[in-house]
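Asks: Predicted model and sequence below, questions to follow.
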Amino acid sequence: MSEHVNKYTEYEARTKAIETLLYERGVITPAAVDRVVSYYENEIGPMGGAKVVAKSWVDPEYRKWLEEDATAAIASLGYAGEQAHQISAVFNDSRTHHVVVCTLCSCYPWPVLGLPPAWYKSMEYRSRIVADPRGVLKRDFGFDVPDDVEVRVWDSSSEIRYIVIPERPAGTDSWSENELAKLVSRDSMIGVSKALTPQEVIV
Ligand code: FE
């Protein structure tokens, strides 16, 4: 028996078989598939959301637009489409901290955050963040939310996705929008951490 028998998992083998059939029947072309893969590998990711957040920190009018119609404000920067038909922005401040989950599955605003991390899709995170948000943030993410800050959990769905707008870190008054974007981590836009501090990015 060949040692390559288990080269593909069942799902990979099924995917390959369907892909091959679609090519053979001329439904799709390999170039089209490469284009989609490249889009997810190279073009979408948390850098999109980071630009949205940085702009909200320097441009009060943009921030207001994000509050009122985040979907349109985000689309104006070129981030729209699949998994982002309706996005709501929730803003952290000194009294409230927001964190996002999809308790049902793994809904996530792809055009601004890229593909969701494995932990976001895990049953463990999805169930525990709702029951004990403070505990999960502290134990799993090392993020200790002060007692006087309220934690609000937002449950994403196929109808609406959320992006957390973290607070602008102190000591960044003279920073440009592009520099500020480097402080905006993926996790800070899910709400499981704060934005990075200047000390954390200057090496
Ligand atoms: Fe979901």
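Replies: Happy to help now that I have it. Numbering: from 1, shown residues only.
Asks: Nearest residue to the middle of the protein?
Replies: With distances taken as Cα atoms, centre = their mean, the residue of the chain nearest its centroid is residue 113 (3.1 Å).
Asks: lowest-pLDDT helix or strand in the chain?
Replies: Taking mean pLDDT, DSSP states H and E as the measure, the helices and strands of the chain show their lowest mean at helix 30-38, namely a mean of 86.
Asks: Return the mean pLDDT over the next helix or strand along the chain from that one, rounded to an integer.
Replies: Following helix 30-38 in sequence order, the next helix or strand is helix 46-58 (DSSP states H and E). Mean pLDDT, helix 46-58: 97.
Asks: buried stuff in helix 46-58?
Replies: Residues 46, 48-57 are the ones in helix 46-58 that count as buried (16 or more other Cβ atoms under 10 Å). Heads up, the C-betas are built off the backbone N, CA and C, glycines and all.
Asks: can you give me phi and psi for residue 21?
Replies: Residue 21 adopts backbone torsions of phi -60, psi -40, taken as degrees, to the nearest 10.
Asks: Whatever helix or strand residue 129 lives in and the ion, any residue contact?
Replies: Here residue 129 sits within helix 123-131, counting by DSSP H and E. No: residues of helix 123-131 are not located near the ion by Cβ under 5 Å from the ion, the shortest gap being 9.0 Å.
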